[in-house]
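> My questions concern the predicted model and sequence given below.
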Amino acid sequence: ETGVTQTPRHLVMGMTNKKSLKCEQHLGHNAMYWYKQSAKKPLELMFVYSLEERVENNSVPSRFSPECPNSSHLFLHLHTLQPEDSALYLCASSQGFSTGDIGDIQYFGAGTRLSVL
Amino acid sequence: QKEVEQNSGPLSVPEGAIASLNCTYSDRGSQSFFWYRQYSGKSPELIMSIYSNGDKEDGRFTAQLNKASQYVSLLIRDSQPSDSATYLCAVNHAGGSYIPTFGRGTSLIVHP
């Protein structure tokens, strides 16, 4: 399998549930990202990991908890979400260092469409 | 605050015309520039990258970069209805940052 794989593709959960989103990349990249994209809104960067260390956290509520056990896997643990958290959650990966060329390109997974009831 | 600005559109062009999408950025030292296409409900996919001033052509797509004006554009020649999507401009800033800043995206509609 190649590229960036996200599971599940669709998720419906209640506000009291706990669930996890999974992302796996097969590109040999060192950096992985979580983005949130709500309807009619731009991409919002949530978390960035480089070599399994979190390097950026854009004021994301604590009900979202990322985990990066190795450079190929990234999780987003969800608990006590709100209806406004319903969105498309995208995972991406890149080389993880600035090359000034194609190494900077981000590769996205297909996303998880999350609905919070 | 490093910003990437795009007109949200929608930009509507007839089939066969040239679509011109524009993007400006605030960080003068930015070094890598990307255009991603995102179909409704799908994830972004890279269509063009450009790293030096001038034009870069790939099939029907041409990216143009003018660092002095802090401006990057995407031209789509012979536009097709299948080009209808949101186009995201992304910029990697100076100082070795590999984390891009994305613009809001421009919605393009190509009508038959």
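Alright, I've got the coordinates. Numbering: from 1, shown residues only, chains lettered A, B, ... in the order given.

> which residues in chain A form strands?
For chain A, the strands defined by DSSP state E cover A:4-7, A:10-13, A:18-25, A:31-37, A:44-50, A:53-57, A:64-70, A:73-79, A:87-94, A:107-108, A:112-116.

> Where does pLDDT dip in chain A?
A:1-2, A:97-103 (pLDDT under 70).

> To chain B, which of the strands of chain A lies closest?
Closest approach to chain B among the strands of chain A is made by strand A:107-108 (4.1 Å; CB to the nearest CB). Yep, even glycine has a C-beta here, placed from its N, CA and C like the rest.

> Would the closest one count as contacting chain B?
Yes - applying CB under 8 Å from any CB of the partner chain, one finds strand A:107-108 in contact with chain B at A:107-108.

> which other helices and strands contact that strand?
With contacts defined as 3 or more CB pairs under 8 Å, 6 or more residues apart in numbering or on different chains; DSSP states H and E, the packing partners of strand A:107-108 are strand A:87-94.

> does the strand it packs on come close to chain B?
Yes - Strand A:87-94 lies within reach of chain B by CB under 8 Å from any CB, at A:88, A:90, A:94.

> Give the partner strands of that strand in its sheet and their orientations.
strand A:31-37 (antiparallel), strand A:107-108 (antiparallel), strand A:112-116 (antiparallel) (DSSP bridges).

> what's next to the last one, contact-wise?
If you take CB atoms under 8 Å, 6 or more residues apart in numbering or on different chains as the criterion, strand A:112-116 is touched by A:6-15, A:21, A:78, A:81-89, B:41.

> same thing but at 7 Å, please
The contact list for strand A:112-116 (CB atoms under 7 Å, 6 or more residues apart in numbering or on different chains) reads A:6, A:8-13, A:15, A:21, A:81-83, A:85-89.

> How about it, which residues are buried there?
Residues of strand A:112-116 classed as buried under the neighbour-count rule (16 or more other CB atoms under 10 Å in any protein chain shown) are A:112, A:114, A:116.

> how about the strands in chain B?
Under DSSP E, chain B gives strands at B:4-5, B:11-14, B:19-25, B:32-38, B:45-50, B:54-58, B:61-66, B:71-76, B:85-92, B:101-102, B:106-111.
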